[in-house]
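Asker: model the following, please.
(chains A, B, C and D)
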Protein chains: 2
Amino acid sequence: MKISTKGRYALRMMVDLAEHDDGEYIRLKDIAIRQEITLKYLEQIIPQLTRSGLVRSCRGNNGGYMLTRGPEEYTVGEIIRALEGSLAPVACITDNPNRCPRQEECATLEFWEGLWRVVNEYMDGVTLADLMEKHVCRTRQDEEGRDAGSVRDTKTI
Amino acid sequence: MKISTKGRYALRMMVDLAEHDDGEYIRLKDIAIRQEITLKYLEQIIPQLTRSGLVRSCRGNNGGYMLTRGPEEYTVGEIIRALEGSLAPVACITDNPNRCPRQEECATLEFWEGLWRVVNEYMDGVTLADLMEKHVCRTRQDEEGRDAGSVRDTKTI
DNA sequence: GTGATATCATACTAAACATATAGGAAAATA
DNA sequence: TATTTTCCTATATGTTTAGTATGATATCAC
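Answerer: From the prediction side, this is the model:
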């Protein structure tokens, strides 16, 4: 029942792109530094976002990435699904290749369909803009509450 | 974002135990046949349910397993968690060994906490008894709708 | 057009996890 | 004591995760 790093990092990239949007393309290198994730790994993740039309890319000098819409027009659900695929908790409820032959007699099938629906509804109910707002509040609170010069160089999970 | 076979099979075993409860111990062999899962694999899964106190076991002749409570006293959540562990979608929101050092500045943390809550609430809102009821309805509908003698020996997903 | 800088494409790898299968020990009952 | 059941542990196999590495290709400033 875990979300992989690809989905999580993709979401963080999208938030980063939204927060640093100034009309120019944003280099992946800068995102990598800010998010403390290696450039090479992000390079491998972000094409999924480009192909899904969630971001626009430009090569070469002064190239980079930018959002294709306003932050309030993205749901977290579509971002995560772009990387994780369907969020169905079990394979047998998708139409896909493998429908289970026990479907008609399975007591738990509808339960899993319900879980799927609940997860999608939650994720589609939150937008990128929502995450940005919360983030501003959190960091502001946080800066008040601790000593300013604290160094942290431990590894990101 | 998947539930493993262990969690799914455990849930099906619990429903099976509930539906065939007649005060006697139920042999795992019978569950294996009904559920079309190998005995050896179920043998490996069910000890988690015993250790968690969800079922009671008895060895030897006429031995087997039975529920320790009524079906309406089990939530699906506790059954799944007994096998999958915490249903936290990301590791960094559990208190456990690895809290993320970026926690205070992370824009997505609260989102994941919300997802965790939603998943738990859904799963804890459904009982074993609920699954049984639905099952009766489903199979009854189903038996009306198809020819009776249809054979299915394909593999369970 | 050349050099610098960026994305893009692909291959590789180590470790963990999923999904079982198999053999036999221990206990309970008839 | 024989049979039947749970219980424990080892092994196998394939897939996924989470990266690292190498180099090609496009774009722009000069």
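
Asker: so residue A:6 touches residue A:46, yeah?
Answerer: No. Residue A:6 is beyond contact range of residue A:46, at 10.1 Å (criterion: CB atoms under 8 Å). To be clear about C-beta, it is placed using only N, CA and C from the backbone, and glycine gets the same treatment.

Asker: and the two? which has more neighbours close in?
Answerer: Taking other CB atoms under 10 Å in any protein chain shown, residue A:6 and residue A:46 do not tie; residue A:46 has more neighbours (22 against 16).

Asker: element containing the more buried one, please.
Answerer: For residue A:46, the host element (DSSP states H and E) is helix A:39-51.

Asker: elements contacting that helix?
Answerer: helix A:5-19, helix A:28-35, strand A:55-58, helix A:76-84 (3 or more CB pairs under 8 Å, 6 or more residues apart in numbering or on different chains; DSSP states H and E).

Asker: closest one to DNA strand D among these?
Answerer: When the helices and strands packed on helix A:39-51 are compared for distance to DNA strand D using CB to the nearest atom of the strand, the nearest one is helix A:5-19, at 3.8 Å.

Asker: got the angle for that closest one vs helix A:76-84?
Answerer: Relative orientation of helix A:5-19 versus helix A:76-84 (axes from the mean of the first three to the mean of the last three CA atoms, to 10 degrees): 130 degrees.

Asker: helix A:5-19 - contacts with which helices or strands?
Answerer: Using 3+ CB pairs under 8 Å, 6+ apart: helix A:5-19 touches helix A:28-35, helix A:39-51, strand A:64-67, helix A:76-84, helix A:128-145.

Asker: report the contact partners of residue A:109.
Answerer: Residue A:109 sits next to A:92-93, A:100, A:103 when contact means CB atoms under 8 Å, 6 or more residues apart in numbering or on different chains.

Asker: just give me the neighbour total for the residue in chain A that DNA strand D sits nearest to.
Answerer: Proximity to DNA strand D, evaluated over chain A using CB to the nearest atom of the strand, is greatest for residue A:60 at 2.5 Å. Using other CB under 10 Å, the number of residues around residue A:60 comes to 7.

Asker: doesn't it fall inside a helix?
Answerer: No. Residue A:60 sits outside any helix when classified using DSSP: H, G, I helix; E, B strand; the rest coil, being coil.

Asker: what's the spacing between it and DNA strand C?
Answerer: Taking CB to the nearest atom of the strand, to the nearest Å as the measure, residue A:60 falls 5 Å from DNA strand C.

Asker: now residue A:107: closest residue in space, sequence neighbours ignored.
Answerer: What sits nearest to residue A:107 in space, not counting adjacent residues and going by CB to CB, 6 or more residues apart in numbering or on different chains, is residue B:135, at 3.8 Å.

Asker: just give the nearest non-adjacent residue to residue A:123, would you?
Answerer: Residue A:123's closest residue in space is residue A:77 (CB to CB, 6+ apart), at 3.5 Å.

Asker: burial count for the spatially closest residue to residue A:58 that is not a sequence neighbour?
Answerer: Setting aside the residues directly before and after it, residue A:58 is nearest to residue A:25 in space (CB to CB, 6+ apart), at 5.1 Å. By other CB under 10 Å, the residues close to residue A:25 number 17.

Asker: does residue A:25 touch residue A:59 like I think?
Answerer: No. Between residue A:25 and residue A:59 there is no contact under CB under 8 Å: 9.7 Å.

Asker: any idea how far residue B:130 is from the most far-flung residue of chain A relative to its centre?
Answerer: Most distant from the centre of chain A: residue A:105, at 36.4 Å, with distances by CA atoms, centre = their mean. Residue A:105 is 17 Å from residue B:130, where distance means CB to CB, to the nearest Å.

Asker: just residue A:56 next, same as before
Answerer: Separation of residue A:56 from residue B:130 (CB to CB): 47 Å.

Asker: my guess is residue A:42 contacts residue A:28. True?
Answerer: Yes. Under the criterion of CB under 8 Å, residue A:42 makes contact with residue A:28 at 5.4 Å.

Asker: more neighbours, those two?
Answerer: The neighbour comparison of residue A:42 against residue A:28 (other CB under 10 Å) goes to residue A:28, with 22 against 19.

Asker: interface residues of chain A facing DNA strand D?
Answerer: Contact residues, chain A versus DNA strand D (CB under 7 Å from any atom of the strand): A:4-6, A:38, A:40-41, A:43-44, A:58-63.

Asker: and these, which two are furthest apart?
Answerer: A:4 and A:61 (32.9 Å; CB to CB).

Asker: and residue A:77, what does it touch?
Answerer: A:87, A:120, A:123-124, A:126.
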